[in-house]
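Student: Sequence unavailable; structure follows:
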């Protein structure tokens, strides 16, 4: 079997320790790395952990399980896919962070991999995916580290919730069955939903805003019946550089709480064009939060009515 070994690197204007911490905190990866949709911890020890990653490769959604060994003293993180997705037969590597100066660092990303059946076509597919994702990950990592402090005010999260006097499965099903949203939700004009891999969805929607304009968006969603649906929006409105979130469904003795959480990074370059020359970052935050919350609350309200109607 042919084993490929490749390395990518980039220089970042940030201390090596800060870069290491950012890579170590995998729950932030959807905000840091463009291909990453969602990450969940499966097992977590002091230095060793198992994580489940959902990400795009050559614009196709994939998922796999990896083991990681963290070495904070060496600023190194080794990783190995536990279960790879074809055409990948096996893959591993390491992140190595090297101080260049007190405020600059070299980020090295190493990969080794084998292809299913060792065919040239499969190797070529993996070569291209690894190269594309590695370059995107390193560029995004550098951008996010360097801007972490400057753009703190541009990143914000919020949540809307409703109490549901019904079954948790019914509330979850309403959100999961997004292919029916154009029939069930007044603000959704058209939906295209595909789920080639169970639990990993591609969702495109035409959504009508309060001013009557229609926006087309695309998201990838990861489903966890019947308690959580995580998503990352990859076709974004003009005022957002990033939008991730999740729907959660929590059951208790008093009933079900259905919630919609959003994390947003504003795109300041478009504030004046969209909101006017006098608009501020605070105005943009309020506008985006109001737009997202309006749709979330409407969807939660319909999910509540659907679940309660099936009691």
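Tutor: Yep, it's here. Bear in mind that the values here come from a model prediction, so they are computed numbers and not experimental data.
Student: drop to CA atoms for contacts and neighbour counts, all remaining ones
Tutor: Will do.
Student: and the next element down the chain from the worst-scoring helix or strand of the chain on mean pLDDT?
Tutor: Among the secondary structure pieces of the chain, namely its helices and strands, helix 29-32 has the lowest mean (mean pLDDT, DSSP states H and E), a mean of 84. Heading C-terminal from helix 29-32, the first helix or strand you meet, by DSSP states H and E, is strand 36-44.
Student: in its sheet, what does that following strand sit against?
Tutor: Strand 36-44 has the following sheet partners, assigned by DSSP bridges: strand 48-57 (antiparallel).
Student: Show the pLDDT at the closest residue to residue 298 other than its chain neighbours.
Tutor: Taking Cα to Cα, 6 or more residues apart in numbering as the measure, residue 298 lies nearest to residue 185, with 7.9 Å between them; neighbours along the chain are not counted. Note on residue 185: pLDDT of 94.
Student: mind listing what residue 185 touches?
Tutor: Under the criterion of Cα atoms under 8 Å, 6 or more residues apart in numbering, the contact partners of residue 185 comprise 298-299, 302.
Student: For these, pick the one with the most neighbours.
Tutor: Across the contacts of residue 185, the neighbour count under other Cα atoms under 10 Å reaches its highest value at residue 299, namely 21 neighbours.
Student: What values do phi and psi take at the residue nearest to it when sequence neighbours are not counted?
Tutor: Closest residue to residue 299 in three dimensions, ignoring its sequence neighbours and counting by Cα to Cα, 6+ apart: residue 185, at 6.9 Å. Note on residue 185: its backbone torsions stand at phi -120, psi 120 [degrees, to the nearest 10].
Student: what's across from the residue lying closest to residue 236 once chain neighbours are set aside in the sheet?
Tutor: Nearest residue to residue 236, sequence neighbours excluded (Cα to Cα, 6+ apart): residue 217, at 6.2 Å. Here residue 217 shows beta-bridge partners residue 205, assigned using DSSP bridges.
Student: Can you give me the separation between residue 217 and residue 202?
Tutor: Separation of residue 217 from residue 202 (Cα to Cα, to the nearest Å) stands at 11 Å.
Student: follow-up on the earlier one: now, among the contacts of residue 185, which is nearest to residue 80?
Tutor: Among these, residue 299 lies closest to residue 80 (Cα to Cα), at 39.4 Å.
Student: Which strand or helix spans that closest one?
Tutor: Secondary structure from DSSP H and E places residue 299 in helix 281-309.
Student: Residue 133: how many residues sit nearby?
Tutor: When neighbours are counted by other Cα under 10 Å, residue 133 registers 19.
Student: now do the one 5 residues further on
Tutor: By other Cα under 10 Å, the residues close to residue 138 number 21.
Student: Let me know whether it touches residue 9 as I believe.
Tutor: Yes. Under the criterion of Cα atoms under 8 Å, residue 138 is in contact with residue 9, at a separation of 7.3 Å.
Student: Could you tell me which residues touch both of those two?
Tutor: residue 107.
Student: Listing request: residues of the stretch 101-250 of the chain with sub-threshold pLDDT.
Tutor: Under the criterion of pLDDT under 70, the regions of the stretch 101-250 of the chain flagged as low confidence span 148-150, 152.
Student: Can you list the residue ranges for strands in it?
Tutor: For the stretch 101-250 of the chain, applying DSSP state E, counting those that start in this stretch gives strands covering 105-115, 155-164, 188-197, 200-208, 214-224, 228-235, 240-252.
Student: List the contacts of the first one.
Tutor: Translated: strand 105-115. Applying Cα under 8 Å, 6+ apart, the contact partners of strand 105-115 are 1-16, 86-100, 122-123, 126, 134, 138.
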